[in-house]
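K.L.:
could you look at this predicted model? Sequence included:
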Amino acid sequence: QAKYLAQIILVGAQVVGRAFMRALRQEFAGPVSPASQAAADARGRSERPQSTAASRIIGISLQEAQQILNVSSLNPEEIQKNFDHLFKVNDKSVGGSFYLQSKVVRAKERLDEELRIQAKGDKDKGQKAET
């Protein structure tokens, strides 16, 4: 009786182990559905290489950062104004959420990096036009 019980437990553990390994391989392989792959491709095509790299480093896309800070254009004054407001209302001392506050900070960092990339691109274009 105990022998059969041990065999059942062993086989069950092997099945669960194989399923776990298969799921882990799929997770590391990247997006599996065609829809998510198409979305990732479209996002990659819509951003410049430096912008895509900034999204990867900061961990937030330009579009997501704009949504979080509720800005439609890269206007530094509007970005700062919305950041200040959202940072203050999400402060823990006034009952806010540290998680949301950190998302606001990351969004501001991402938009600041995009502004820096654009400024550098404008500077490079100006130098090329002079030569």
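P.N.:
Perfect, I can see it now. Numbers count the residues shown, from 1 in each chain.
K.L.:
which of the residues in whichever strand or helix holds D122 are buried?
P.N.:
Secondary structure assignment for D122, by DSSP states H and E: helix 98-130. Along helix 98-130, the positions that meet the burial threshold by neighbour count (16 or more other CB atoms under 10 Å) are 101, 103-104, 106-114, 117. C-beta coordinates here come from the backbone N, C-alpha and C atoms, glycine included.
K.L.:
any idea how far it is from the chain center?
P.N.:
16 Å (CA atoms, centre = their mean, to the nearest Å).
K.L.:
packing partners for it?
P.N.:
For helix 98-130, the contact count by 3 or more CB pairs under 8 Å, 6 or more residues apart in numbering; DSSP states H and E identifies helix 49-58, helix 62-69, helix 76-89 as packing neighbours.
K.L.:
hmm, who's touching the longest one?
P.N.:
Residues from elsewhere that reach helix 76-89, judged by CB atoms under 8 Å, 6 or more residues apart in numbering: 68-71, 94, 96, 100-101, 104-105, 107-108, 111-112, 115.
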